[in-house]
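Enquirer: Sequence first, then the predicted structure, then my questions.
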Amino acid sequence: MTKYIDVVLNVPLNQAFTYRIPEDSDSQITVSDGEDYFGRRVEVRFGNRNLTGFITGCYENLPESCAVSEDKIRPAKRFLDQEALLTHELYDLAKWMTDYYLSNIGETVFTMMNFGKRESEYSVFSSDDDFIAEKEKELSDEQKAASEGILDVSQGYFHYLYGMTGSGKTEVFLTAANKVLNQGKGIIYLVPEIGLTPQVQESVTHRFGNTVAVLHSQLTPSQKLKQWHRILNKEARIVIGARSAIFAPVPDLGLIIIDEEHDSSYKAGNAPRYHARQVAMKRASTLKIPLVMGSATPSVEAWASIEKKAIQVHTLTKRLAGGAMPLIKTIDLSSHSKSGSCLSKELENEIRHTLQENRQTILFLNRRGFTHFFRCNSCGYEMKCKNCSVSMTYHKAEKRLRCHYCGFSLEPPKVCPKCQSLDVGYSGFGTEFIEAEVKAKFPAARIIRVDTDALNHKGELEEKLTAFKNGEYDILLGTQMVAKGLNFPNLKLVGVVLADTSLHLPDFRAAEKTFSLITQVAGRAGRFFPDGKVLVQTYSPESEPILYAVKGETEEFYKNELETRKMLSFPPYTRLLRLVFRSQIPKAAYVASQGAKGILKMNCCPDVQILGPAECPLEMVNNNHRWQIILRGKEIRSLQKMAAAFVRGYKAPKDVYIEVDVDPVNML
Ligand code: ADP
Ligand code: ZN
Ligand code: ZN
């Protein structure tokens, strides 16, 4: 008979808390033979608050390890569930995550079971949308082979479905899912947070009907709980959702799918800063089931694993819906007159032609860029750090160029170090400005803008994209949100207004991001007709990621990028762990990071480098001053050990908050 329980609470302490089962609780909860209280929610008194937690341990006698004496143990107040919500498999996963990501068990469990926390604002399309009700397709030979291959675990559990945009990856996933479903097993199907969800959601619900559970961010806590029960009861066997759907408690899980594997929304921005791909790998290898990832532009990490044969690759090489890869061309902006205009004559003419043909245009802007990078207007030279090879950022206040990885700084040169030209400066573009220009140049065109600033209410993204798809607009101006796997049948032209913005991010993944963005955006064109056209405006037409993307030389890009990463000792050849210190008090964050460096040095493992402290590229966020230390080494274990010795034993000074990011994706 259980007399004591361990309860995990959503508090920033890495431990469970012990409570007593009150004598009269039998009437409140029934526990059948062979079952215990594990995984159910319980309300308890914690300090002077009532909190809800998950039961993670049951004891007849008080465990010796319990830090509190028997008479001090408080009784639990109330049991909330007749059924366990947390499974043993997921609790083990939570413990692994706590260890791997140096998070707290409470925040980890409550991240998994986030009945209530919202993930993003714009991800949801209502299911009654009139997307084309698609027929089941006759698979091509390549698709057939891939749909069988990805379920074969004789060579390993991890698979990659690699194929250009529009090559029919979804159909392969659905066919494999169907097979797994027929074996009586369940499926988790992850999609990026924005953009792709509606279409996949549609095709999945269309094909699998009631057996689908969609876990999206706009479910209310009670709706989410309802889906959770449907999954636990095996009523729903296919779970589709964004990042956190990787925690779905699917019994007899048989397959995990990660669509658009390269997408950065798979990495969590808050603690625990987990990557759904890493968690999926752990879950798949523990359960010995296949995990299949797919993309036209795999992450460089995934590409390296494919080359090492740690991931089995399956390739699709054709567009099957009547389209062809679009014609892609770069436009060198430095040779255009400096009229302050964002549109080159060529792009302007092409938009005009497209309007005359009653076809549609997407103008892609990447507003999440650093506008202040040093650039030579004559030869296109940009200043990079001599140690890190990431772009130097100009700091107006101190009038210096600074590297945000190692802290190296210098005075901006007055002449270009490469060509000695005096025509040097800093550049950038503004979105509203571009919209105004397009409106002025094409007064008769119907123009719609989609970016986070232009969206005001829930469902607005959905409305706008559907309206564009239905032909209510001629030109769509958008950010990353339009780069994801959407199909617009009447789309002819894609214009990338400035390809350089992501290129100059002070981030070692800048080239990868640029390459994948251009490739993905370009992939919107020519899906259904072979006359798609893509124009890429840039100041750096010779830069490698842009060249490779424009020529469609994917393999060459990865080969080149991997060589660069190797030379500079960046992932996948090393692993990183990032510590960010933030505080509203200007000096406090800096002082804390200096102190941290001292402690880290004392616990330093061989072959681990401590980079920094340096100011974060985004040195102020919400009035918080930010400093960072980056640990770099071959083995993630060494980095975790060092960081754990620091984080677990360290009490941050008042007013300083420490973020721990293992395998960081966002370096800003
Ligand atoms: P990807 O995910 O690789 O970018 P999609 O799965 O969106 O590509 O497929 C692109 C288009 O090709 C879709 O319109 C889809 O319906 C179509 N398609 C996929 N497989 C086939 C097939 N075997 N025969 C005809 N059309 C197909
Ligand atoms: Zn120059
Ligand atoms: Zn540097």
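Expert: Structure's in. What do you need? Ligands and ions are numbered 1, 2, ... in the order given.
Enquirer: Is there contact, residue-wise, from stretch 547-556 to ligand 1?
Expert: No. Stretch 547-556 stays clear of ligand 1 (CB under 6 Å from any ligand atom), getting no nearer than 13.7 Å. Just so you know, the C-beta spots here come from the backbone N, C-alpha and C atoms, and that holds for glycine as well.
Enquirer: Show the average pLDDT along that stretch.
Expert: Across stretch 547-556, pLDDT averages out at 94.
Enquirer: now swap in stretch 637-652 and tell me
Expert: Mean per-residue pLDDT for stretch 637-652: 92.
Enquirer: And for stretch 184-193?
Expert: 92.
Enquirer: Just confirm yes or no for it near ligand 1.
Expert: No. Shown here: stretch 184-193 not in contact with ligand 1 (CB under 6 Å from any ligand atom), separated by at least 10.6 Å.
Enquirer: Just the endpoints, please. Distance across that stretch?
Expert: Chord length of stretch 184-193, first to last residue, is 28 Å (CA to CA, to the nearest Å).
Enquirer: tell me which residues in that stretch are buried?
Expert: Along stretch 184-193, these residues count as buried under the neighbour rule (16 or more other CB atoms under 10 Å): 185-193.
Enquirer: Show me which strand runs longest in this protein.
Expert: Longest strand in the chain, counting residues (DSSP state E): strand 609-621.
Enquirer: Which is the succeeding secondary structure element to it?
Expert: Proceeding N to C from strand 609-621, the next assigned helix or strand is strand 624-633, under DSSP states H and E.
Enquirer: Report the next helix or strand after that next one in sequence order.
Expert: Downstream of strand 624-633 (by DSSP H and E), the next one is helix 636-647.
Enquirer: how about F247, what does it touch?
Expert: Going by CB atoms under 8 Å, 6 or more residues apart in numbering, F247 touches 90, 93, 111-113, 279.
Enquirer: what angle sits between the longest strand of the chain and helix 636-647?
Expert: 60 degrees (axes from the mean of the first three to the mean of the last three CA atoms, to 10 degrees).
Enquirer: if you average pLDDT over stretch 260-271, what comes out?
Expert: pLDDT averaged over stretch 260-271 gives 93.
Enquirer: K345: neighbouring residues, count only.
Expert: Per other CB atoms under 10 Å, the neighbour tally for K345 reads 11.
Enquirer: Enumerate every residue touching it.
Expert: For K345, the contact set (CB under 8 Å, 6+ apart) comprises H336.
Enquirer: i'd like the first residue to be 286 from this point on
Expert: From this message on, residue numbering opens at 286, which makes the last subject K630.
Enquirer: and it, how far is that from ligand 3?
Expert: 39 Å (CB to the ion, to the nearest Å).
Enquirer: At which residues are the helices of the stretch 586-735 of the chain located?
Expert: Under the criterion DSSP state H, counting those that start in this stretch, the stretch 586-735 of the chain carries helices at the ranges 630-641, 716-726.
Enquirer: now the angle between helix 630-641 and the last one, please.
Expert: Computed by the same axes, to 10 degrees, the angle separating helix 716-726 from helix 630-641 equals 60 degrees.
Enquirer: Send me helix 716-726 as CSV with only the CA atoms.
Expert: Provided in CSV are the C-alpha atoms of helix 716-726 (Å, rounded to 0.1, in the frame of the first residue of the first chain):
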residue,chain,number,x,y,z
THR,A,716,10.3,46.4,-44.6
GLU,A,717,7.7,49.2,-44.5
PHE,A,718,9.9,51.1,-47.0
ILE,A,719,9.8,48.2,-49.4
GLU,A,720,6.0,47.9,-49.1
ALA,A,721,5.6,51.6,-49.8
GLU,A,722,7.9,51.4,-52.9
VAL,A,723,6.0,48.4,-54.3
LYS,A,724,2.7,50.1,-53.8
ALA,A,725,4.0,53.3,-55.5
LYS,A,726,5.4,51.4,-58.5
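Enquirer: mean confidence score for that helix?
Expert: For helix 716-726, the per-residue pLDDT averages 80.
Enquirer: Check which residues of it are buried.
Expert: Here helix 716-726 shows 716, 719-720, 722-723 as buried, counting by 16+ other CB under 10 Å.
Enquirer: got the angle for the biggest helix by length in the chain vs helix 921-932?
Expert: Criterion DSSP state H: the longest helix present in the chain is helix 871-887. Going by the same axes, to 10 degrees, helix 871-887 is angled at 130 degrees with respect to helix 921-932.
Enquirer: Quick check: E904 vs L847, distance?
Expert: 31 Å (CB to CB, to the nearest Å).
Enquirer: Name the residues of the chain found near ligand 3, please.
Expert: 670, 672-673, 688, 690-691, 693 (CB under 5 Å from the ion).
Enquirer: Output those residues in CSV; the columns should cover neighbour count, distance to V947 and pLDDT.
Expert: Listed next are the residues of the chain next to ligand 3 as CSV, based on neighbours: other CB atoms under 10 Å; distance: CB to CB, whole Å; pLDDT from 0 to 100:
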residue, neighbour count, distance to V947, pLDDT
C670, 21, 24, 80
N672, 13, 23, 74
C673, 22, 20, 67
C688, 24, 23, 79
Y690, 22, 17, 70
C691, 17, 20, 76
F693, 15, 25, 85
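Enquirer: Adding distance to S439, write the residues you listed out as CSV.
Expert: Formatted as CSV, these follow (distance: CB to CB, whole Å):
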residue, distance to S439
C670, 46
N672, 45
C673, 42
C688, 47
Y690, 42
C691, 45
F693, 50
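Enquirer: any idea which of these is closest to ligand 2?
Expert: Nearest to ligand 2, judged by CB to the ion, of the residues of the chain next to ligand 3 is C670 at 18.0 Å.
Enquirer: What separation do you get for the residue nearest to that closest one when sequence neighbours are not counted and P702?
Expert: Leaving aside its chain neighbours, C670 sits nearest to C688 (3.5 Å; criterion: CB to CB, 6 or more residues apart in numbering). Per CB to CB, C688 is found 16 Å from P702.
Enquirer: The closest residue to C351 other than its chain neighbours in helix, strand or coil?
Expert: Closest residue to C351 apart from its sequence neighbours, by CB to CB, 6+ apart: T303 at 5.2 Å. Under DSSP: H, G, I helix; E, B strand; the rest coil, the three-state class of T303 is strand.
Enquirer: pLDDT wise, what is T303 at?
Expert: pLDDT, T303: 95.
Enquirer: and it, what is it in contact with?
Expert: For T303, the contact set (CB under 8 Å, 6+ apart) comprises 289-292, 347-348, 351, 353, 358.
Enquirer: how about CSV for the residues you listed, with secondary structure and neighbour count added?
Expert: Conversion of the contacts of T303 to CSV gives the following (DSSP: H, G, I helix; E, B strand; the rest coil; neighbours: other CB atoms under 10 Å):
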residue, secondary structure, neighbour count
Y289, strand, 19
I290, strand, 25
D291, strand, 20
V292, strand, 23
L347, coil, 15
P348, coil, 10
C351, coil, 16
V353, coil, 12
I358, coil, 16
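Enquirer: No further queries at this time; thank you.
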